[in-house]
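>>> all I have is the shape, not the residue letters:
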C-alpha cells in the first residue's frame, strides 16, 4: 500500500513539474517517459512478472506497450525521423527479394515490428529495423529475428549507398526480447564484407530499485535516435543532390547508372528465403561467390610512372613443403600465401 501511494505521489509530482510555465517541450516529453515507466512498474507490475515467469498469456503487443512509448517520445523530441510499428515491410527489401525470385509474383520482404524512417517527399527511407519477442526463452525465435534484422540492416546500408551517401553508412538494429533489448549497427567494412557490431545492451527495470539503471537504457535509445537523425540528414542531402542532377525517380530507388555501377562493385546481394510453399526454389545469389580474387596489398602498389611490363620470372627448381620457390632474379616466392622476398626466405 505504501509503495502504491509512493507511485501516486511521484506521478503527481511529475504532473506538477509539467504544468510549470517554465517547462519546455523537451523536458515535458522526458517527464512523459518517466511517467510511463512508473505506470508500468506500479499499475502494470503483473505484466512485468508475467514476462519474467514466461506466462503463456503474454503477447508481443504487451511487450510493445512497454518499449514503444519510450521510443516514440524520443523520436518526437528529435522531430526529424518517424517510428512505424506493427509488422510492416520495407519496400526496398521487397524489390531486392523480387529481383532474386523473378519468376514469382507479389514477392514481399520481411515483416518488421518496428522501423525508424525518414519521410522524403512521399517516400519512406528506412534507417533502423527492429523485431520483438515475448522474452528471451525461445532461442529459435531470437535467432530468426536476429537473422531478419541483420539482413534488413544490410539492405539499409545498400540503399543509402545507392542514394549516394558518403562516409560511414550505417544500418541499425533494435532487437527486443521482453524486458531486454540489444542495439546493433551494420557497416560495409570493405568491398563485399558487412560487419555487425553490438553497440549496447538495454534493459527495462523490473522494480523501483532498478530505476537508476534505466538511465543507461535511456541513453542507449537516445544514441540510437541521434545517430538515425544524423543518417537522415545525410540522406536528405544525397537525395536532394541526386534529384537536382539527374531528375531521378525515387519510386524505382534509382540513381544514375554510374552511381549504381559503383555501388554494385562494393556491395553484395542478400540471401532471401523463397515463398513459404516453394522452399525448393531457394536461390543463392551468384554474385556472392563469383567475384574476382582479392589482390594482396603488395600486388596493388604502384610507384612512379614507369609503366613497362616486368619480365615474367621463372622458378629455379621445385617448391618446398612450405610453398617457397627460388625465382630467376634470386628472390623467393610463396605460391600459398602470395608472399615475395628479395632473397631466400631461409637466409
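Yep, that arrived. Note that the structure is a prediction, hence the values are computed from the model and not measured. Numbering: from 1, shown residues only.
>>> and the residue lying closest to residue 43 once chain neighbours are set aside, which of the three is it?
Spatial nearest neighbour of residue 43, excluding adjacent residues (C-beta to C-beta, 6 or more residues apart in numbering): residue 7 at 7.7 Å. Heads up, the C-betas are built off the backbone N, CA and C, glycines and all. Classification of residue 7 using DSSP: H, G, I helix; E, B strand; the rest coil returns helix.
>>> quick one: the helices in the chain, in order.
Listed in chain order, the helices of the chain (DSSP state H) span residues 2-19, 25-43, 45-52, 60-78, 91-100, 139-162, 211-246, 257-266, 297-300.
>>> and residue 127, which of those helices is closest to it?
helix 211-246 (4.4 Å; C-beta to C-beta).
>>> mean confidence for that closest one?
What helix 211-246 shows for mean pLDDT is 90.
>>> which elements pack onto it?
Secondary-structure packing of helix 211-246 (3 or more C-beta pairs under 8 Å, 6 or more residues apart in numbering; DSSP states H and E): helix 25-43, helix 60-78, strand 111-120, strand 123-133, helix 139-162, strand 170-177, strand 180-190, strand 193-203.
>>> give the contact list for residue 17.
Residues near residue 17 by C-beta atoms under 8 Å, 6 or more residues apart in numbering: 23, 27, 31.
>>> buried only: go through the residues you listed for me.
Among the contacts of residue 17, the ones that count as buried by 16 or more other C-beta atoms under 10 Å are residue 31.
>>> report how many residues lie close to the spatially closest residue to residue 49 that is not a sequence neighbour.
Leaving aside its chain neighbours, residue 49 sits nearest to residue 55 (8.0 Å; criterion: C-beta to C-beta, 6+ apart). A count of nearby residues for residue 55, using other C-beta atoms under 10 Å, gives 14.
>>> what residue ranges in the stretch 1-150 of the chain are flagged as low confidence?
Applying pLDDT under 70 to the stretch 1-150 of the chain picks out residues 1-4.
>>> can you give the domain ranges for the protein?
Structural domains annotated on the chain: 1-43, 56-266, 295-347, as defined by automatic domain parsing.
>>> make a markdown table from these and add distance to residue 274 to it.
Shown next, in a markdown table, are the domains of the chain (distance: least, C-beta to C-beta, whole Å):
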| stretch | distance to residue 274 |
| --- | --- |
| domain 1-43 | 41 |
| domain 56-266 | 6 |
| domain 295-347 | 35 |
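>>> just name the most buried of the ones you listed.
Among these, the stretch with the highest mean neighbour count (mean count of other C-beta atoms under 10 Å) is domain 56-266, at a mean of 17.
>>> and that domain, end to end?
The first and final residues of domain 56-266 sit 46 Å from each other (C-alpha to C-alpha, to the nearest Å).
>>> what separates it from the chain centre, distance-wise?
On the basis of C-alpha atoms, centre = their mean, to the nearest Å, domain 56-266 is displaced by 5 Å from the centre of the chain it belongs to.
>>> on that earlier part again, ok, which of the domains of the chain comes nearest residue 282?
Residue 282 sits nearest to domain 56-266 of all these, at 9.2 Å, using C-beta to C-beta.
>>> could you find the closest non-adjacent residue to residue 220?
In this structure, residue 220 finds its nearest non-sequential neighbour in residue 200, 4.0 Å apart by C-beta to C-beta, 6+ apart.
>>> residues in contact with that neighbour?
Residues in contact with residue 200 (C-beta under 8 Å, 6+ apart) are 182, 183, 220, 223.
>>> in the sheet, who's paired with it?
residue 183 (DSSP bridges).
>>> and it, how far from residue 74?
Distance check for residue 200 against residue 74: by C-beta to C-beta, to the nearest Å, it reads 14 Å.
>>> again, but for residue 235
19 Å.
>>> try residue 27
Per C-beta to C-beta, residue 27 is found 13 Å from residue 74.
>>> again with residue 35
Per C-beta to C-beta, residue 35 is found 14 Å from residue 74.
>>> list the contacts of the spatially closest residue to residue 74 that is not a sequence neighbour.
When the adjacent residues along the chain are set aside, residue 74 lies closest to residue 225, with 4.7 Å between them (C-beta to C-beta, 6+ apart). Shown in contact with residue 225 (C-beta under 8 Å, 6+ apart): 71, 74, 75, 77, 78, 81, 116.
>>> rerun at 6 Å
For residue 225, the contact set (C-beta atoms under 6 Å, 6 or more residues apart in numbering) comprises 74, 75, 78.
>>> my read is that residue 51 contacts residue 176, right?
No - contact criterion C-beta atoms under 6 Å: residue 51 and residue 176 do not qualify, at 11.2 Å.
>>> now do residue 207, the pLDDT please.
91.
>>> give me the phi and psi for it.
The phi/psi pair for residue 207 (degrees, to the nearest 10) reads phi -140, psi 170.
>>> now it: closest residue in space that isn't a chain neighbour?
Residue 207's closest residue in space is residue 41 (C-beta to C-beta, 6+ apart), at 7.0 Å.
>>> my read: residue 137 touches residue 54, true?
Yes - counting by C-beta under 6 Å, residue 54 is a contact partner of residue 137 at 5.3 Å.
>>> re the thing from before, any idea how far the residue nearest to residue 207 lies from residue 48?
In this view, residue 41 and residue 48 are 7 Å apart by C-beta to C-beta.
>>> which non-adjacent residue is nearest residue 85?
In space, and not counting its chain neighbours, residue 85 is closest to residue 114: 5.2 Å by C-beta to C-beta, 6+ apart.
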